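J.: Need the 3D shape of this:
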Amino acid sequence: MRALGWCVLLAGVLAWPAARLADALYGVDVTLLSGMRTAAERAAWLETRWHPEHGIAALYGNSASDGSVRVLLTDRSRLIEPVEAPTLLLLPLGPGDVAPLTSRTLRFRAAMVGLALGLLGALLLVRARRLAVEARMSATEL
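T.: Residues are numbered from 1 along each chain as shown. Got it, this is the predicted structure:
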């Protein structure tokens, strides 16, 4: 039980660094788009309604986020790099698409899991210590 307690405690301690590592490896700053415009719609919208204060993302669809959001992506083929702003990355979300995991959500969940595993590991270690003391006490009584 003592080894299990140490393993659970270690897993709790490593949850946050693992989340940071996943963010470093797979994190991308994107602007989420809820609806995509076709090339013809983009051209028409550019000629009639677009203004620079709307932003480049408005040319490609309806922005689903204010500014950029850091998401974790393993498949970067869905990303769009606009010709008008090559440093900007757009991630279209269709009606049936699942929203991507954001870096913020991952860090929050890692903190909660780390806290829970840390407490569970500490409880297991305390319980193992009590059992060891009780075993020694009963052995000395005999």
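
J.: all contacts plus neighbour counts: C-alpha atoms, from now on.
T.: OK.

J.: What distance do you get for the nearest residue to residue 68 once chain neighbours are set aside to residue 62?
T.: With sequence-adjacent residues excluded and distances taken as C-alpha to C-alpha, 6 or more residues apart in numbering, residue 68 is closest to residue 31, at 4.6 Å. From residue 31 across to residue 62, the span is 10 Å (C-alpha to C-alpha, to the nearest Å).

J.: likewise residue 73?
T.: In terms of C-alpha to C-alpha, residue 73 sits 21 Å off from residue 62.

J.: picking up where we left off before, residue 31 and residue 62 - which one has more neighbours?
T.: Shown here are residue 31 and residue 62; by other C-alpha atoms under 10 Å, residue 31 has more neighbours (23 against 15).

J.: Test of understanding: give the bridge partners of the more buried one.
T.: residue 90 (DSSP bridges).

J.: and if you look at residue 36?
T.: Bridge pairing for residue 36 (DSSP bridges) gives the partners residue 61.

J.: Quick one: neighbours of it, just the number.
T.: Neighbour tally, residue 36, other C-alpha under 10 Å: 19.

J.: Enumerate every residue touching it.
T.: By C-alpha atoms under 8 Å, 6 or more residues apart in numbering, residue 36 lies in contact with 60-62, 92.

J.: Narrow those to those that are buried.
T.: Among the contacts of residue 36, those classed as buried by 16 or more other C-alpha atoms under 10 Å are 60-61, 92.

J.: Which of those residues sits closest to residue 8?
T.: Proximity of those to residue 8 (C-alpha to C-alpha) peaks at residue 92, which lies at 39.0 Å.

J.: Now the closest one. Its backbone dihedrals?
T.: phi -80, psi 140 (degrees, to the nearest 10).

J.: Am I right that residue 88 is in contact with residue 30?
T.: Yes - here residue 88 reaches residue 30: they are 7.2 Å apart, a contact under C-alpha atoms under 8 Å.

J.: gap between residue 98 and residue 92?
T.: Distance from residue 98 to residue 92, by C-alpha to C-alpha: 11 Å.

J.: Alright, calling it a day.
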